[in-house]
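J.: Just need the structure, nothing else, for what follows:
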Amino acid sequence: MEAQLQQLETAVTRLAADQPFVLSWEIRPIGTGEVIGGGPTRAVASFSTRKVSVLLACLALVQTGELSLEGRWVITEEMKDGVQAGIMRNLSVGISLSLRDCLLQMMSTSDNICTQLVFHAIGSVRPDSLQWVNDYCAWTGLHATVHREIFPRTGDLTWGHSLDTLTTTTAQDQSRLLEKLGRGCQGDAAAAELLLSQELCAFAREAMLGIFTPALGVACTGVRFAEKNGRGLRSLSQVGLALSGDGVPLAAVAAYAENIPTQLPSGVPGRVAVFDLFAALGLAVEEWSHGR
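T.: Predicted coordinates for the structure are as follows:
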């Protein structure tokens with residue numbers, strides 16, 4: 001392992017050890033086969049980080065020509081029930097959106113109406129949309145990831161909720177998927193591992209660059225992160241691709257913080273401490289990239 005990567009592993013391990021919550025994490029430099037991490041196989045609630053695999057599974061059907069990014073899908077009243085994330089819940093029913101718009105909003109604002117519309121699109125060409133996403137995850141090597149719901153009613157959960165009915169994953173699965181996406185952005189042969197083209201991999205990367213709530217890249221100036229967030233009552237997560245200034249994928253990053261206390265002894269809210277850690281993680285990756 002290169003010295004710089006060892007230094008990155010040491011830095012993130014120290015960051016994790018200093019926290020009063022559990023951090024599962026993994027980092028994969030793009031295309032080298034190297035990997036570092038801590039507790040990367042621990043099962044965790046995916047929450048909205050699941051939408052990366054939903055995005056790619058849907059794009060695989062665009063690749064085959066069964067779906068079109070310009071196809072349109074209609075918001076219904078039923079889709080608004082229980083929705084807490086996104087902006088479409090404030091729009092009138094009957095409005096139609098292109099699949100392109102649905103995918104972009106699913107990633108940028110984590111819009112759960114748009115996520116439902118994406119599943120409707122998948123279901124229009126596959127008998128079971130949820131099974132299609134699970135099959136796609138299995139095909140692409142995400143063997144610890146199980147999608148269990150189209151729209152999780154997170155507003156009904158308590159802090160001590162079980163994982164039994166939720167979509168679960170691991171930091172290892174998510175970093176593996178993003179490493180493949182990073183390579184797919186560089187050529188069609190690698191993109192084919194995701195059943196996509198290089199162009200569609202680039203679309204996915206751009207969709208993740210549009211996130212409204214960056215965390216890994218919020219303090220970085222030398223790299224950008226194409227990322228996706230996950231929010232639970234007792235957990236926060238962030239996954240992403242570190243990119244050079246000219247957009248070259250450098251590393252896949254996945255971090256899941258679990259059992260977050262409401263407040264630290266210092267008085268700092270626990271969730272603020274997690275966001276500070278995510279920012280520090282992004283800066284550590286940026287520092288690694290300078291010596292890469």
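
J.: now this structure, which segments are flagged as low pLDDT?
T.: By pLDDT under 70, the weakly predicted segments of the chain are 1, 81-86, 88, 90-92, 153-155, 292.

J.: What is the longest strand of it by residue count?
T.: Once the chain is assigned using DSSP state E, the strand that runs over the most residues is strand 249-258.

J.: partners of that strand in the sheet?
T.: Partner strands for strand 249-258, per DSSP bridges, with pairing direction: strand 22-29 (antiparallel), strand 236-243 (antiparallel).

J.: Phi, psi for Leu157 please.
T.: The phi and psi values for Leu157, taken as degrees, to the nearest 10, are phi -90, psi 150.

J.: no, scratch that, I was asking about Asp164
T.: According to degrees, to the nearest 10, Asp164 has phi -60, psi -30.

J.: What is the neighbour count of it?
T.: The burial metric for Asp164, expressed as a neighbour count using other Cβ atoms under 10 Å, is 7. Just so you know, the C-beta spots here come from the backbone N, C-alpha and C atoms, and that holds for glycine as well.

J.: quick one: the helices in the stretch 51-200 of the chain?
T.: Taking DSSP state H, counting those that start in this stretch as the criterion, the stretch 51-200 of the chain carries its helices at 51-63, 99-108, 112-123, 129-139, 171-184, 188-191, 198-209.

J.: Most tightly packed of these?
T.: The densest packing among the helices of the stretch 51-200 of the chain, expressed as mean neighbour count by mean count of other Cβ atoms under 10 Å, is seen in helix 171-184 with a mean of 26.

J.: Tell me the span between the first and last residue of stretch 39-55.
T.: Counting by Cα to Cα, to the nearest Å, the length from the leading to the trailing residue of stretch 39-55 is 26 Å.

J.: coming back round to it: output the helices of the stretch 51-200 of the chain in CSV; the columns should cover distance to Ser162.
T.: As requested, those are exported to CSV (distance: least, Cβ to Cβ, whole Å):
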stretch, distance to Ser162
helix 51-63, 22
helix 99-108, 26
helix 112-123, 21
helix 129-139, 19
helix 171-184, 20
helix 188-191, 37
helix 198-209, 29
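
J.: Val22 is nearest to which of those helices?
T.: The stretch from the helices of the stretch 51-200 of the chain with the least distance to Val22 (Cβ to Cβ) is helix 171-184; that distance is 11.2 Å.

J.: roughly how far is that closest one from the heart of the chain?
T.: Remark: helix 171-184 is offset 10 Å from the chain centroid, using Cα atoms, centre = their mean, to the nearest Å.
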